[in-house]
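Peer 1: just coords:
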């Protein structure tokens, strides 16, 4: 059962309400779209780890798979090209994990997905579809998880949310991951992002603590 | 030294301070969203110091002081000043080393000697700590540098541990299962490193179950306090008792010739010997 979200016009103002959240907004455009899934219950990381049943890649080969990823829903107030976030909520229960060692690893939002070879059907309020292009430039390798920097995530949506990522396998336990700024299907709209302003560093993440 | 020279020196120094301030404000506004706050503060402080120093050194000749001469005339005066300002210099040098080594950053939770709390600022001479009960503590950098520093948030994750005692009559396996479920449901109880939940000890009053959970350092304390109560509530819901410390006491009675209850024979003997011992076992 989903908690209702309500926006009501009261005079020249808007009242936004959701399960214990109540905000009064000026008369403006309200945009609701999927956002980077690293904000709830509190933002403690920028990384997303999607774990999946391991797949074996031949030497010097590439593979395209589809995974599900968790989504959070952002509510924005928009006036012209100026945007501010009003609320973020999710219907998917979050879980976090550590990738790497307790001394030098990174905390990640964790999600387990099955593997598909075409766009799967998803519960659009909970999950999106990630297209993952894996390129293996070396020997046989097994891949069972991908860690991505969500501050560089580009979400496109239509009837479901989606993103496109790539993984360049460098060795048995090392890979570089990136988000690509393109939709996985025609006609999708680009979602407003929470972390556009913070991005300064490179967009890629180096997975150096294993691929399975 | 004449009045004009002194005024020029003062004006140049003041101008330097204003320029340094303007540069700091500009950089702060421009870089606030792009560089972590602690790094930005250190950078601004260094820039501020450098700009003011350049202006002061430029202005010194106007009051008849030649900066190169100052260096050359170090000698005895330098020795006297150096000796007098030994602790200041020690703090300054320690501050510079702290900024280079960076064992602590602004916002970290640390314990330095007997002071624990949040690092509010790392200045050139001292470090400011806000203790957990909100007190302002200034520690000279020399002391910070030579003390054992425990940084509670330097690593991305931390582990905490509870010991949960359950009654001997309850099913320990079921209790472990209930606790595991509660831990797994908490978003910040990390999946990896995996939580450890196991029977650790057969205690005097309870079967003791150890619960070890890793959590992001940033939310470690919240998770620790939240989880403990949830575990207690869920164990109670599952009908598992968390017992008070208890001791089983056996009361033994003898009967006299008339069939009345009297304290056991050994106790009577003890009471005869010790008139203060009035209790029964």
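Peer 2: Okay, I see it. Everything numeric in this text was worked out from a predicted model, so none of it was measured.
Peer 1: Under the pLDDT cut-off, which ranges of the chain? List them.
Peer 2: With no chain named, the answer covers chain A. When residues are selected by pLDDT under 70, those of chain A lie in A:1-2, A:197-202.
Peer 1: if you could check chain B rather than the one you did, that'd help
Peer 2: B:1, B:33-39, B:69-84, B:263-281.
Peer 1: Residue ranges of each domain in it, please.
Peer 2: B:3-73, B:101-151, B:157-237, B:249-281 (automatic domain parsing).
Peer 1: Turn the ones you listed into JSON lines, including mean neighbour count and distance to chain A.
Peer 2: For every residue, glycine as well, the C-beta is placed using N, CA and C. Output for those, formatted as JSON lines (neighbours: other CB atoms under 10 Å in any protein chain shown; distance: least, CB to the nearest CB, whole Å):
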{"stretch": "domain B:3-73", "mean neighbour count": "14", "distance to chain A": "5"}
{"stretch": "domain B:101-151", "mean neighbour count": "16", "distance to chain A": "12"}
{"stretch": "domain B:157-237", "mean neighbour count": "17", "distance to chain A": "4"}
{"stretch": "domain B:249-281", "mean neighbour count": "10", "distance to chain A": "47"}
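Peer 1: Nearest to residue A:87, out of the ones you listed?
Peer 2: Of all the domains of chain B, domain B:157-237 sits nearest to residue A:87, with 18.3 Å by CB to CB.
Peer 1: Please tell me how far the residue nearest the centre of chain A sits from residue A:193.
Peer 2: Per CA atoms, centre = their mean, the C-alpha nearest to the average position across chain A is that of residue A:36, at 4.5 Å. Here the distance between residue A:36 and residue A:193 works out to 7 Å (CB to CB, to the nearest Å).
Peer 1: mind checking which of the domains of chain B is nearest residue A:206?
Peer 2: Comparing the domains of chain B against residue A:206 with CB to CB, the closest turns out to be domain B:157-237 (18.6 Å).
Peer 1: List, one by one, the residues from chain A near chain B.
Peer 2: Within chain A, the positions near chain B by CB under 8 Å from any CB of the partner chain are A:40-42, A:44-45, A:93-99, A:102-103, A:105-107, A:110, A:197-198, A:200.
Peer 1: repeat that for 7 Å
Peer 2: When proximity is defined by CB under 7 Å from any CB of the partner chain, chain A lies next to chain B at A:41-42, A:44, A:94-98, A:102-103, A:105-107, A:110, A:197-198, A:200.
Peer 1: Give the helix, strand or coil label for residue B:181.
Peer 2: Of the three states, residue B:181 takes helix under DSSP: H, G, I helix; E, B strand; the rest coil.
Peer 1: ok, residue A:19 touching residue A:5?
Peer 2: No: counting by CB atoms under 7 Å, residue A:5 is not a contact partner of residue A:19; they are 8.4 Å apart.
Peer 1: Neighbour count: these two, which is higher?
Peer 2: Neighbour totals were compared for residue A:19 and residue A:5, and residue A:5 leads with 15 against 10 (other CB atoms under 10 Å in any protein chain shown).
Peer 1: mind listing the strands in chain B by residue range?
Peer 2: Using DSSP state E, the strands of chain B run over residues B:109-112, B:115-122, B:126-131, B:136-140, B:149-151, B:157-166, B:196-202, B:207-216, B:253-255, B:261-263.
Peer 1: and those as JSON lines, adding distance to residue A:204?
Peer 2: Below are those laid out as JSON lines (distance: least, CB to CB, whole Å):
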{"stretch": "strand B:109-112", "distance to residue A:204": "31"}
{"stretch": "strand B:115-122", "distance to residue A:204": "31"}
{"stretch": "strand B:126-131", "distance to residue A:204": "36"}
{"stretch": "strand B:136-140", "distance to residue A:204": "40"}
{"stretch": "strand B:149-151", "distance to residue A:204": "29"}
{"stretch": "strand B:157-166", "distance to residue A:204": "23"}
{"stretch": "strand B:196-202", "distance to residue A:204": "34"}
{"stretch": "strand B:207-216", "distance to residue A:204": "23"}
{"stretch": "strand B:253-255", "distance to residue A:204": "82"}
{"stretch": "strand B:261-263", "distance to residue A:204": "83"}
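Peer 1: Residue A:84 is nearest to which of these?
Peer 2: Using CB to CB, the nearest of these to residue A:84 is strand B:207-216, at 26.7 Å.
Peer 1: Point out the other helices and strands that that closest one packs with.
Peer 2: Using 3 or more CB pairs under 7 Å, 6 or more residues apart in numbering or on different chains; DSSP states H and E, the elements in contact with strand B:207-216 are strand B:157-166, helix B:172-185, strand B:196-202.
Peer 1: okay, the angle between the longest one and strand B:207-216?
Peer 2: Here the directions of helix B:172-185 and strand B:207-216 differ by 10 degrees (axes from the mean of the first three to the mean of the last three CA atoms, to 10 degrees).
Peer 1: can you give me the offset of helix B:172-185 from its chain's centre?
Peer 2: Counting by CA atoms, centre = their mean, to the nearest Å, helix B:172-185 is centred 30 Å from the centre of its parent chain.
Peer 1: How much space separates the residue nearest to the centre of chain A from residue A:83?
Peer 2: Using CB to CB, which is the criterion applied here, residue A:36 is 15 Å from residue A:83.
Peer 1: Point to the residue nearest the middle of chain B.
Peer 2: Using CA atoms, centre = their mean, the most central residue of chain B is residue B:110, at 3.5 Å.
Peer 1: Please name the bridge partners of it.
Peer 2: Residue B:110 forms beta bridges with residue B:117, residue B:151, as assigned by DSSP bridges.
Peer 1: Spit out the contact partners of it.
Peer 2: Neighbour list for residue B:110: B:104, B:119, B:149-152 [criterion: CB atoms under 7 Å, 6 or more residues apart in numbering or on different chains].
Peer 1: can you do 6 Å?
Peer 2: Going by CB atoms under 6 Å, 6 or more residues apart in numbering or on different chains, residue B:110 touches B:104, B:119, B:151.
Peer 1: Could you dump these into JSON lines and include distance to residue A:32?
Peer 2: Shown next, in JSON lines, are the contacts of residue B:110 (distance: CB to CB, whole Å):
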{"residue": "B:104", "distance to residue A:32": "42"}
{"residue": "B:119", "distance to residue A:32": "39"}
{"residue": "B:151", "distance to residue A:32": "41"}
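Peer 1: now, which of the residues you listed sits nearest residue B:173?
Peer 2: Nearest to residue B:173, judged by CB to CB, of those is residue B:151 at 38.8 Å.
Peer 1: how near is the closest residue to residue B:223 other than its chain neighbours to residue B:150?
Peer 2: Leaving aside its sequence neighbours, residue B:223 sits nearest to residue B:215 (CB to CB, 6 or more residues apart in numbering or on different chains; 4.3 Å). Here the distance between residue B:215 and residue B:150 works out to 18 Å (CB to CB).
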